[in-house]
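[1] quick one: sequence and predicted model below, then my questions.
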Amino acid sequence: MTDEHIIKRLNERDETALEAIAGKYGSLAGSLAMRILRDPQDAEECVQDGLMAVWETIPPLQPASLCSYFVALVRNRALDLYKKDHREKRGGGVIAQALEELEDCAAPGSPEDELNARILEERINDYLGRLPERERNIFLRRYYYAEQVSDIAECYGMSPHKVSVLLHRTRNKLKRFLKKEDLL
């Protein structure tokens with residue numbers, strides 16, 4: 001079933017659309033949540049929460065990419081759950097490490113800064129769109145999909161050190177870009 005057909009079913013409030021989403025994208029979203037949370041039950045809960053969020057937001061929203069939209073909902077839920085579970089203890093997990101690496105590029109905002117956060121997101125997307133494909137994919141795999149540096153290195157036939165250096169340089173370039181845009 002195509003994404004357009006699934007969205008059409010959602011607009012018609014046909015619950016079989018949720019089954020189609022789960023079948024088509026549930027494994028991808030679940031594996032991402034599992035990398036973040038390291039708990040199968042919590043990861044499954046995030047997938048179910050993501051399906052509920054899709055049901056509640058389509059309509060009125062009409063996402064250009066159902067896959068990206070659903071995976072982002074699950075990812076955000078997993079990150080929220082991770083932060084809640086690790087609020088008091090600063091763990092050494094992959095997510096904590098990845099977020100710590102990006103700390104200089106994206107300072108946490110207050111609730112009244114929601115508009116600024118959207119502008120920042122647009123500018124970061126613009127920046128990432130200008131990167132060479134390999135550099136952009138490595139950055140996204142590390143900071144969006146929370147993959148280990150060693151796994152990224154293996155995928156690209158690089159040493160972990162080389163991937164770390166590339167990520168460090170990309171973060172520094174992002175930081176300079178955001179400063180130039182007066183967003184840092």
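    Perfect, I can see it now.

[2] so where do the helices sit in the protein?
    3-11, 16-37, 40-57, 66-85, 94-102, 114-130, 133-143, 149-156, 160-180 (DSSP state H).

[3] pLDDT at the residue nearest the centre of the chain, what is it?
    The structure's the chain has its C-alpha centroid closest to residue 144; by CA atoms, centre = their mean the separation is 3.9 Å. Looking at residue 144, its pLDDT is 81.

[4] correct me, but it touches residue 75?
    Yes - here residue 144 reaches residue 75: they are 7.4 Å apart, a contact under CB atoms under 8 Å. To be clear about C-beta, it is placed using only N, CA and C from the backbone, and glycine gets the same treatment.

[5] so what's residue 129 closest to, chain neighbours aside?
    Spatial nearest neighbour of residue 129, chain neighbours left out: residue 136 (7.6 Å); criterion: CB to CB, 6 or more residues apart in numbering.

[6] and what of residue 11?
    The nearest residue in space to residue 11 (CB to CB, 6+ apart) is residue 59, at 5.2 Å.

[7] relative to residue 170, how far out is the one you found?
    For residue 59, the distance to residue 170 under the criterion CB to CB, to the nearest Å works out to 37 Å.

[8] which one's more surrounded, the two?
    Each of residue 59 and residue 170 had its neighbours counted (other CB atoms under 10 Å), and the higher figure belongs to residue 170 (20 against 11).

[9] just to revisit the earlier point, burial count for the residue nearest to residue 129?
    Once other CB under 10 Å is used to define contacts, residue 136 is seen to have 15 neighbours.

[10] so what's it scoring on pLDDT?
    91.

[11] next one: residue 77
    Looking at residue 77 specifically, the model assigns a pLDDT of 92.

[12] how is this structure partitioned into domains?
    According to the domain assignment given by automatic domain parsing, the chain is divided into the following structural domains: 3-89, 95-180.

[13] returning to what we had before: looking at the helices of the chain, which one has the lowest mean pLDDT?
    Between these, the lowest average pLDDT goes to helix 94-102, which shows a mean of 61.

[14] perfect, I'm done here.
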